Each structure stands twice: as structure tokens, then as C-alpha cells.
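K.L.:
coords please:
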Amino acid sequence: QFKLEPFALRHAMLTPPELQKAVRGHYSRSIKRHLLSTLGSLQALGNPVGLLRGLAQGASDAVAEPLEGLVRTVEKADASHLADGLQRGASSLVQNSVGGVANSASLITNSLSNGMSNLAFDKEYKLKRAEKRALSSDRDNQGVFG
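P.N.:
Residues are numbered from 1 along each chain as shown. Model (predicted):
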């Protein structure tokens, strides 16, 4: 539900341009806040744009790579190029499909986990969970950057 916060001023002495600027600023901030929460909810759906992009890339490669292999086969009179093109196209389709679905499933699971954690009213549990995530993040960074 898209609901903007009401604009309210008390005892303000503003010129019309100043009032216009204040109203525009208030509603711009309100819309930005709402858009950020909407983007967060898209992540809860598992990044559908990324999933579709991966599926489209895989499908495109599944068609283009065998065609490229067929062209090379005709040019060089060697059927192995067609087999290579089929293998590359099928591999790309599987990689992009599985990768997109796995990424979406991971994001959905993470969103569910965070939602369930927020439902817990145990402050100690929330603190321990945050500490574990921070330690895990630090270890991951050390493996990449250390």
C-alpha cells in the first residue's frame, strides 16, 4: 500500500517559493523511503529481475552457441564445432537457470529467516544472532581479502 505521510507546518512564515520547496522536499523524502521499502520487499521475492535476466541469458546462449557451432562446422567442414556449440549452449542454460533459482531461493530463505527472527521477542537471541552474522561476515571477508 502506497501511502504518503501528510505534510504539516506549524506557525511558519514562508514565501510561496519556500513553501513549494518545503512541500517538494517532504514528499520527495517520503517517496524515497517508500521506494526503499518496496525494493526490500522485492528482495523478499528472491530478486525476480536477476532470475529473469539469468534465464534469458541462458536461453539466448542455448540458441546462439549451437548456431555459432553450426556456422563453424560448415566453414571448416568439422562436425566437432557443432558439438562444442551444443555443449556450450546447454551448459550456459543450466548454469544460468540453476544459478538464478539458487540465488532467488537463498534470498527468499534469508528474508524468511530475518522475518522469523524479528518475530522473536527474545532480545538475547537477537543479539546472539547479530553477533554470529557479524563474525561470519568477518570470516568471509578475510577469506576473500586476507
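
K.L.:
all helices for the chain, in order.
P.N.:
Here the chain has its helices, by DSSP state H, at 16-44, 48-76, 80-119, 123-145.

K.L.:
Out of the ones you listed, which gets the lowest mean score?
P.N.:
Mean pLDDT is lowest for helix 123-145 out of the helices of the chain, coming in at a mean of 72.

K.L.:
At the geometric centre of the chain, which residue sits there?
P.N.:
Nearest to the mean C-alpha position of the chain, by C-alpha atoms, centre = their mean, lies residue 47 at 4.1 Å.

K.L.:
does that one really touch residue 104, like I thought?
P.N.:
Yes - the criterion here is C-beta atoms under 8 Å, and residue 47 meets it with residue 104 at 5.8 Å. The way it works is simple: take the backbone N, C-alpha and C, and place the C-beta from them, glycine included.

K.L.:
still on that earlier bit, and of the helices of the chain, who's closest to residue 6?
P.N.:
Among the helices of the chain, the nearest to residue 6 by C-beta to C-beta is helix 16-44 (9.1 Å).

K.L.:
circling back to that earlier point, which one of the helices of the chain lies nearest to residue 5?
P.N.:
Checking the helices of the chain against residue 5 by C-beta to C-beta gives helix 16-44 as the closest, at 5.0 Å.

K.L.:
Phi and psi next, for residue 47.
P.N.:
Torsion angles at residue 47 (phi, psi; degrees, to the nearest 10) stand at phi 60, psi 70.

K.L.:
again but with residue 78, I slipped
P.N.:
Torsion angles, degrees, to the nearest 10, at residue 78: phi -140, psi 110.

K.L.:
quick one, what contacts the nearest residue to it once chain neighbours are set aside?
P.N.:
The spatially closest residue to residue 78, leaving aside those adjacent along the chain, is residue 72, at 7.5 Å (C-beta to C-beta, 6 or more residues apart in numbering). Shown in contact with residue 72 (C-beta atoms under 8 Å, 6 or more residues apart in numbering): 78, 81, 82, 85.
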